[in-house]
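Chemist: Fold the stuff below for me.
(one chain, ligands or ions: 2)
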Amino acid sequence: MITGGAGYIGSHTVRYFSEVNEEVIVVDNLQSGHRKSVDVKHFYELDLREKEALNNVFKRHSIEAVIHFAANSLVGESMDKPYDYYHNNVYGMMCLLDVMKKHKVGKMVFSSTAAIYGEPTSIPILEGEDTTPTNPYGETKLAMEKMMKWFDQGYGVKYVSLRYFNAAGAHESGEIGEDHKPETHLIPLVLEVPLGKRETISIFGDDYPTEDGTCIRDYIHVMDIASAHYAALEYLRKGHSSDAFNLGNGMGYSVKEVIDVARNITEHSLPVEMKARRLGDPAILIASSEKAQTKLDWKPRFPTLEKIMLDAWNWHRTHPKGY
Ligand SMILES: NC(=O)c1ccc[n+]([C@@H]2O[C@H](COP(=O)([O-])OP(=O)(O)OC[C@H]3O[C@@H](n4cnc5c(N)ncnc54)[C@H](O)[C@@H]3O)[C@@H](O)[C@H]2O)c1
Ligand SMILES: O=c1ccn([C@@H]2O[C@H](COP(=O)(O)OP(=O)(O)O[C@H]3O[C@H](CO)[C@H](O)[C@H](O)[C@H]3O)[C@@H](O)[C@H]2O)c(=O)[nH]1
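Modeler: Ligands and ions are numbered 1, 2, ... in the order given. Just a heads-up that it's a prediction; the model follows:
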C-alpha cells in the first residue's frame, strides 16, 4: 500500500514499483495529489483518518507493507497552521499504525525529512545529528518517527525512515512530474520564469554565511528517492531491524547556483529579485547518505543538478499547466 501515492514523490514511487513488477494499491485523499499521476488497478480516494474506510481496504487486500507518503509538508504553512499539521501527520499516522497492527502488517517505509534536524551542528549531516526541528512540520515528522519506534517495540511493526533532503526532477519520460498548487519549491518556481508564468525569481536572502550569501541545499532526483523506497522494502524483507537513513547526494548548491544551472538548460536570462530571508530557513543542509548507500545497498543514479534540472524542465515545458 502506498499512501499519498498520487502526490509528487508518491506517484514517482508508484511508477518505479510498477517498473520492478511490484503490485501496489494507492490510498490518497487527493488534497494535493492528482488522480492522473498514477496508473494503478486499485486506487482508494480516502483520508487515512477515516479509520473504518481504511480498515476496509486492509480487509479487502492482503497487504505486505505500507509506504507512507501522505502528509502535510510545507514548512511555511506549518508555522501558520500547526493544528492541521499535528492532525494530519501525527493523528493520521496513529490511525494508520493502529489499522496496520490490527491486520498484522509488520513493515513500513516512512517519508521523513531533513527538517527534523533543524539547524545542524555539523555538515554533512549524519543520522546521529541532534534533532531539534525549527518548525511544526519537522516536529510532527519527528513525532511520527518516534511513534514508529514505540510501535516496533510494542507490536513489532518494523520500519525504515527515509530522511530526504530536497526532492526535485521528474520521471525521464516526462509523463509525470511536480505539480503543487501553490508551488513553493525553488526549482519548479525558477522554471516558471522561462515558461512565462512569472517575471522574476525571488532569492530569499543573500546574507547567509555561505560563499555567495545564498542558502545551500542538497538536491536529490525524485526517481532516486523512489528507488530508495524499494531498497528499504527489500531491507525489511531480509528481516533487518528498524532504522533511519538520510537521502541526498552529499553535494550542496546555493540558490544562485541553482538559478545558473537553470539559465544554461533553459537558455533564458532568468532575472532575479533580492528578497529578505524566509523565516526558518537553515543556511546549509547537506546530507551524508553513506549509511543508506552501505546498509540499503542504494546508489543515486542521477546525482548531478544538471540532470535533475533537465528532467524537471522536460516535464514543466511539456505540462505548463501541470496535470
Ligand atoms: N518534496 C520534498 O522535497 C520532501 C522532502 C522531504 C520529505 N518529504 C515528504 O515526502 C512526502 C511526499 O511529499 P510530496 O512533495 O510528494 O508531497 P505531496 O503533497 O505532493 O504528496 C502528498 C500526498 O499525500 C496525500 N495526502 C495528504 N494527507 C492525506 C491523508 N490524510 N489521507 C490520504 N492522503 C493524504 C496528498 O493528497 C498527496 O497526494 C511527504 O510526507 C513529505 O513530508 C518531501
Ligand atoms: O522562490 C524561492 C523559493 C525558495 N528559495 C530558497 O531556496 C531554498 C530551497 O527552498 P525550497 O522551498 O525549495 O526547499 P526547502 O529547503 O525549504 O524544503 C524542502 O526540503 C526540506 C528538507 O531539506 C523539507 O523536507 C521540505 O519539505 C522541502 O520542501 C531555500 O533556501 C529557500 O529560501 C528562494 O530563494 N526563492
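Chemist: Helix or strand with the lowest mean pLDDT in the chain?
Modeler: Using mean pLDDT, DSSP states H and E, the weakest-scoring helix or strand in the chain turns out to be helix 75-80, at a mean of 89.
Chemist: helices and strands around that one, which ones?
Modeler: With contacts defined as 3 or more CB pairs under 8 Å, 6 or more residues apart in numbering; DSSP states H and E, helix 75-80 has these neighbours: helix 82-85, helix 136-155. Just so you know, the C-beta spots here come from the backbone N, C-alpha and C atoms, and that holds for glycine as well.
Chemist: Flag every buried residue along that helix.
Modeler: Neighbour-count burial for helix 75-80, counted by 16 or more other CB atoms under 10 Å, picks out 75, 77, 78.
Chemist: At which residues are the helices of the stretch 101-250 of the chain located?
Modeler: Secondary structure of the stretch 101-250 of the chain, counting by DSSP state H, counting those that start in this stretch: helices at 136-155, 186-191, 222-237.
Chemist: anything in the least confident helix or strand of the chain near ligand 2?
Modeler: Yes - Helix 75-80 lies within reach of ligand 2 by CB under 6 Å from any ligand atom, at residue 75.
Chemist: do that helix and ligand 1 meet?
Modeler: No - Helix 75-80 lies out of reach of ligand 1 by CB under 6 Å from any ligand atom, never closer than 9.8 Å.
Chemist: Run through who's touching that helix.
Modeler: 72, 84-85, 115, 135-138, 140, 184, 278-280 (CB atoms under 8 Å, 6 or more residues apart in numbering).
Chemist: Point out the least confident one among those residues.
Modeler: By pLDDT, residue 280 ranks lowest within the contacts of helix 75-80, coming in at 77.
Chemist: closest one to ligand 1 among the helices and strands packed on helix 75-80?
Modeler: helix 136-155 (6.3 Å; CB to the nearest ligand atom).
Chemist: which helices and strands sit right next to the closest one?
Modeler: Packed next to helix 136-155, using 3+ CB pairs under 8 Å, 6+ apart, are helix 75-80, helix 82-85, helix 92-102, strand 107-113, strand 158-164.
Chemist: still on that earlier bit, near ligand 2 too, which of the contacts of helix 75-80?
Modeler: 115, 184, 278.
Chemist: Just the buried ones from those residues?
Modeler: By 16+ other CB under 10 Å, the ones next to ligand 2 among the contacts of helix 75-80 give residue 115 as buried.
Chemist: which parts of the protein sit against ligand 2?
Modeler: Counting by CB under 6 Å from any ligand atom, the chain sits next to ligand 2 at 73, 75, 113-115, 165-166, 184-186, 189, 201-204, 215, 217, 255, 278, 281, 285.
Chemist: Of these, which belong to strands?
Modeler: 113, 166, 201, 202, 203, 204, 217, 285 (DSSP state E).
Chemist: Which of these are buried? Put it as a PyMOL command.
Modeler: Paste this into PyMOL to select the buried members of these, with burial taken from 16+ other CB under 10 Å:
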select buried, resi 113+166+201+203+204+217+285
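Chemist: returning to that earlier point: pull the CA atoms of the least confident helix or strand of the chain into PDB?
Modeler: Extracted C-alpha coordinates of helix 75-80, given in PDB (Å, rounded to 0.1, in the frame of the first residue of the first chain):
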ATOM      1  CA  VAL A  75       7.400  24.400   6.300                       C
ATOM      2  CA  GLY A  76       6.000  27.900   6.000                       C
ATOM      3  CA  GLU A  77       2.300  26.700   6.100                       C
ATOM      4  CA  SER A  78       3.100  24.600   9.200                       C
ATOM      5  CA  MET A  79       4.100  27.800  11.100                       C
ATOM      6  CA  ASP A  80       0.700  29.300  10.500                       C
END
